[in-house]
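>>> just coords:
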């Protein structure tokens, strides 16, 4: 066995470790892999950097921008309001219609964008009809995943595997090659969810006030500034209370005003009431201060933190956001967003103390005290998903026909083989910018650059596996284990292996690692590689047994206050059903 093959195998194991751990973010992991292949000379610079110009990478970037163009028209929010009324009128029929729309929309635009828009809609619906939001958020995520596997552009994984196939001399997938099997899986998923799944989802999140849900009763208090206090005359952001006791001052109440003062606009005076947040120990220390007095304990409600120009919002850290892997201190959170974090739901637990040192992960939810004028800024920021509706946003309704026509044109041009999907997608982006549906700056911000770096970094690993012969050796092992049972058993093994790996690491990384092995296996067996490629592609996106196998699951994990085992309880039977269906029907749709 040559040094190159040994190194690629070691790198492959290293990649599996990095992608399945929190040691570094997955985009950095992918770039480390790429650099390792370049430094060792296994790949030339042209081969190692080819991922940046790969059609898959460019197409995925373009689809992010097209999805953002549609989001900014506001038409999806209008549709969400319509379905909200339908569900209140007839729960099961309205929910079916709404989830079908989510699936259909997810087949043509980024499914994460769809789920982001509908999360606050679902939470609001749950409150109106008095059911747990947990009953609605998991079906929402799953519906987005079901739809994404039905077309070439439904998910970035489909585009990636199509490009891998083309790079190896195979015909790329067409727009609706995924549809026959995808629609079968979608229908099966809906049947399962509406007969068993939704009823089996535990009622985790209650329709309660945010202050109660985040257990804030012991962490809020009001204090009165005495005439002798050395705080008198100090500007709020510089006052000694925050510096000495590590307490967040949320608001100043002036005795001669009905409304609260802005943090940066006023100084503290005798008689002012400061509403503060801190740990129980920190608040108890205030008892021993002779320059301030604690007001009597009270029962806190959301309305106490929504006063004048202040708002109380729940924000989810988006997967792959710029905040992931950082602490609040490292991001200068309060200065950057004008918001004071009150509590964090982190890895299923509520944290109220030492918030500044908690390393944020995708799916964490933050309870924020924020000025109403800054809420819209957070809503627009790609780092967050607001779990509560924030009122009417500034939209470009007049651009809706242009955006819809552009997306239709992109799909039609690719489906009719007029131009490759990468050409039609980039052309669509140019149309949106030229017609001012989006600005160039908005287009750049719409791209999830972590996903782009991931694709650019893992594509060279597949090239190295082919070039060194590592893919062929792994293919031989698959054949030795399963070939006696026939090619259908090998296909079933690929589906199960891909689905298992995707449960703990990025779906794109899983597909990039296994697609080259699937092609080599088919060539060794002297059969068509397409059944194996479709098995890998479907399985890479169909991850339901953990909250981390797919972005939309991560988004709803903390927002729905699920436990990790809730995904296993609902997702494992669903994954088994899909595995059986794929084993039976993929060879029927694409023969060996």
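Right, received. Where do you want to start? Here the structure is a predicted model, which is why all the values come from computation and not from measurement.
>>> Identify the residues contacting the residue nearest to residue 66 when sequence neighbours are not counted.
Here the nearest residue to residue 66 in space, its sequence neighbours aside, is residue 428; by Cβ to Cβ, 6 or more residues apart in numbering that works out to 5.4 Å. Bear in mind the C-beta positions are built from the backbone N, C-alpha and C, glycine included. Listed by Cβ atoms under 8 Å, 6 or more residues apart in numbering, the contact partners of residue 428 are 62, 66, 406, 407, 409, 410.
>>> ok, for the fourth one, nearest residue in space, not its chain neighbours?
Same thing as residue 407. Closest residue to residue 407 apart from its sequence neighbours, by Cβ to Cβ, 6+ apart: residue 66 at 5.9 Å.
>>> Next, that neighbour: phi, psi?
Torsion angles at residue 66 (phi, psi; degrees, to the nearest 10) stand at phi -60, psi -40.
>>> That one: neighbouring residues, count only.
For residue 66, the tally of surrounding residues (other Cβ atoms under 10 Å) stands at 28.
>>> same question, the one 4 residues further on
Neighbour count of residue 70, defined by other Cβ under 10 Å: 25.
>>> Repeat that for the one 3 residues further on.
If you count neighbours by other Cβ under 10 Å, residue 73 ends up with 20.
>>> correct me, but residue 225 touches residue 254?
No: under the contact definition of Cβ atoms under 8 Å, residue 225 does not touch residue 254, with a separation of 10.8 Å.
>>> And these two? Which one has more around it.
Relative neighbour count places residue 225 above the other of residue 225 and residue 254, with 22 against 15, counting by other Cβ under 10 Å.
>>> Show me what the more buried one is bridged to.
Taking DSSP bridges, one obtains residue 292 as the residues bridged to residue 225.
>>> what's it in contact with, if anything?
Counting by Cβ under 8 Å, 6+ apart, residue 225 has contacts 231, 232, 268, 269, 270, 271, 272, 273, 274, 291, 292.
>>> Closest to residue 350 out of the residues you listed?
When the contacts of residue 225 are ranked by distance to residue 350 (Cβ to Cβ), residue 274 comes first, at 24.2 Å.
>>> Surely the closest one and residue 254 touch.
No: applying Cβ under 8 Å as the test, residue 274 and residue 254 come out as separate, 10.9 Å apart.
>>> where does residue 33 sit relative to residue 497, distance-wise?
Here residue 33 is placed at a distance of 20 Å from residue 497 (Cβ to Cβ, to the nearest Å).
>>> higher neighbour count, the two?
Regarding residue 33 and residue 497, a neighbour count based on other Cβ under 10 Å identifies residue 33 as having more, with 24 against 18.
>>> Quickly find the element holding that one.
helix 26-39 (DSSP states H and E).
>>> Following element in sequence after that helix, please.
Per DSSP H and E, the first helix or strand lying C-terminal to helix 26-39 is helix 45-48.
>>> contacting residues around residue 426?
Going by Cβ under 8 Å, 6+ apart, the list of residues near residue 426 reads 58, 59, 62.
>>> Now do the longest helix along the chain: which elements does it pack against?
As assigned by DSSP state H, the longest helix anywhere in the chain is helix 564-589. For helix 564-589, the elements it packs on are helix 134-148, helix 179-192, helix 487-502, helix 530-541, judged by 3 or more Cβ pairs under 8 Å, 6 or more residues apart in numbering; DSSP states H and E.
>>> from the chain's centre, how far out does it sit?
Averaged C-alpha coordinates place helix 564-589 at 22 Å from its chain's average position (Cα atoms, centre = their mean, to the nearest Å).
>>> which parts of it are buried?
Going by neighbour count (16 or more other Cβ atoms under 10 Å), the buried part of helix 564-589 is 566-571, 573-575, 578-579, 581-583, 586-587, 589.
>>> Just the mean pLDDT for it, thanks.
Helix 564-589 carries an average pLDDT of 94.
>>> returning to what we had before: and the buried ones among the contacts of residue 426, selectable in ChimeraX?
Per 16+ other Cβ under 10 Å, the buried members of these correspond to this ChimeraX selection:
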select :58,59,62
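>>> Show me what secondary structure element comes after the lowest-mean-pLDDT helix or strand in the chain.
Taking mean pLDDT, DSSP states H and E as the measure, the helices and strands of the chain show their lowest mean at strand 260-261, namely a mean of 48. Sequence-wise, the next helix or strand beyond strand 260-261 is strand 273-277, with elements assigned using DSSP H and E.
>>> so what strands line up beside that following strand?
Based on DSSP bridges, the pairing partners of strand 273-277 within the sheet are strand 220-225 (antiparallel), strand 248-253 (antiparallel).
>>> In TSV: those strands, plus distance to residue 438 and mean pLDDT.
Converted to TSV, the strands paired with strand 273-277 look like this (distance: least, Cβ to Cβ, whole Å; pLDDT from 0 to 100):
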stretch	distance to residue 438	mean pLDDT
strand 220-225	41	76
strand 248-253	36	72
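>>> got these as a markdown table, with distance to residue 42 columns?
Formatted as a markdown table, the entries for the strands paired with strand 273-277 read as follows, by distance: least, Cβ to Cβ, whole Å:
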| stretch | distance to residue 42 |
| --- | --- |
| strand 220-225 | 58 |
| strand 248-253 | 52 |
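>>> And those strands: which comes nearest residue 521?
strand 248-253 (57.5 Å).
>>> so where's the chain shaky on pLDDT?
Scanning the chain for pLDDT under 70 picks out the ranges 1, 22, 205-213, 215-219, 230-231, 234-246, 255-266, 279-291, 296-310, 388-394.
>>> which residues in it form strands?
220-225, 248-253, 260-261, 273-277, 292-294, 310-317, 339-346, 349-351, 365-371, 384-386 (DSSP state E).
>>> Which one of those strands lies nearest to residue 131?
Using Cβ to Cβ as the measure, strand 310-317 is the one of the strands of the chain that comes nearest residue 131, at 18.1 Å.
>>> any idea how far the residue nearest to residue 66 is from residue 153?
Distance of residue 428 to residue 153, given as Cβ to Cβ: 11 Å.
>>> between these two, what contacts are shared?
Taking Cβ under 8 Å, 6+ apart as the criterion, residue 428 and residue 153 both touch residue 410.
>>> Which ones among the contacts of residue 426 map onto helices?
Secondary-structure check on the contacts of residue 426 using DSSP H: residues within helices are 58, 59, 62.
>>> what does the domain assignment say about the protein?
Dividing the chain into domains by automatic domain parsing, as the record does, gives the ranges 7-206+404-589, 217-299, 310-386.
>>> any idea which of those is most buried?
domain 7-206+404-589 (a mean of 21; mean count of other Cβ atoms under 10 Å).
>>> Now do the end-to-end distance for that domain.
Start to finish, the residues bounding domain 7-206+404-589 are 38 Å apart (Cα to Cα, to the nearest Å).
>>> Please enumerate the helices of the stretch 401-550 of the chain.
In chain order, the stretch 401-550 of the chain shows helices spanning 421-434, 440-446, 449-468, 470-482, 487-502, 507-525, 530-541, with DSSP state H, counting those that start in this stretch as the criterion.
>>> Tabulate these (a markdown table), appending distance to residue 106.
Below are those laid out as a markdown table (distance: least, Cβ to Cβ, whole Å):
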| stretch | distance to residue 106 |
| --- | --- |
| helix 421-434 | 16 |
| helix 440-446 | 17 |
| helix 449-468 | 16 |
| helix 470-482 | 31 |
| helix 487-502 | 18 |
| helix 507-525 | 14 |
| helix 530-541 | 11 |
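>>> For residue 189, find the nearest of those.
Across these, residue 189 has its closest neighbour in helix 530-541 (11.9 Å, Cβ to Cβ).
>>> just checking, what packs against that closest one?
Under the contact rule (3+ Cβ pairs under 8 Å, 6+ apart), helix 530-541 is packed against helix 156-167, helix 179-192, helix 487-502, helix 507-525, helix 564-589.
>>> So what touches the second one?
By that I understand helix 179-192. Contacting residues not belonging to helix 179-192 are listed as 96, 99-100, 103, 107, 142-143, 146-147, 149-151, 154, 534, 538, 542, 573-574, 577-578, 581-582, 585-586, 589 [Cβ under 8 Å, 6+ apart].
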